[in-house]
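Novice: output the structure for:
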Amino acid sequence: MKSLTVVLALLASTALAQSPAAPPKPGPEQKRLGYFVGKWTNESDMKPSPFGPGGKIKGTETCEWSAGGFAIVCRNEGTGAMGDMKGIGVLAYDPDAKAYTYFSVNSMGMVETGRGKVDAGTWTWTSESRMGGKLVKSRFIMKESSPTSYTMRWETLSDTGAATTVMEGTARKSGS
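Specialist: Here you go, the predicted structure:
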């Protein structure tokens, strides 16, 4: 009888050990991305740069959680000096790199990836892209003004780290 109890105990522990693990759940870093969920209207002033001519830009961006709640998917459209533009972007948190990440592509052919961090409501994203075969380093800074608005500034960075403002603007959430 003792050996039967031991065998049953071993079988039960083996069955428990082989139970499938629960799916992973988003952590606080992923949940922090929730700030961007909703429909945003933005206006900005673009300065002449490697990214195009200067002028006013107006647009909208609709962001929603991806399946599982680990990333935000944003669809945007706007109009500016270079005409109409549409794009898509993905914001996520990479726990291995301990950094936020983004990937975007638009109808002007621009593809961009970057890394970011958030500190006291200020999001800072850095990236490198090629324009006309030349490497361009840039920084995009978003400061949360309230739960429904932020200011933004896009800068190019020289090899010495000096920043030149390319674009400044504001965004307001009009619904979630």
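
Novice: how about the strands in this structure?
Specialist: 38-46, 55-65, 71-80, 83-94, 99-106, 111-119, 122-131, 134-146, 149-157, 163-175 (DSSP state E).

Novice: weakest of those strands by average pLDDT?
Specialist: Within the strands of the chain, confidence is poorest for strand 122-131, with a mean of 89 (mean pLDDT).

Novice: quick check: angle from it to strand 99-106?
Specialist: Angle of strand 122-131 versus strand 99-106, following axes from the mean of the first three to the mean of the last three C-alpha atoms, to 10 degrees, is 50 degrees.

Novice: for the most centrally placed residue in the chain, which non-adjacent residue is closest in space?
Specialist: The residue at the geometric middle of the chain, judged as the C-alpha nearest the mean C-alpha position with C-alpha atoms, centre = their mean, is residue 91 (2.5 Å). Across the structure, with C-beta to C-beta, 6 or more residues apart in numbering as the measure, the residue nearest residue 91 apart from its sequence neighbours is residue 72 (4.4 Å). Bear in mind the C-beta positions are built from the backbone N, C-alpha and C, glycine included.

Novice: so that neighbour versus residue 78, what's the distance?
Specialist: Here residue 72 is placed at a distance of 18 Å from residue 78 (C-beta to C-beta, to the nearest Å).

Novice: check residue 166 too.
Specialist: Using C-beta to C-beta, residue 166 is found at 15 Å from residue 78.

Novice: compare the two (neighbour count), which wins?
Specialist: residue 166 (22 against 19; other C-beta atoms under 10 Å).

Novice: surely residue 108 meets residue 86?
Specialist: No. Look at residue 108 against residue 86 with C-beta atoms under 8 Å: they stay out of range, at 9.2 Å.
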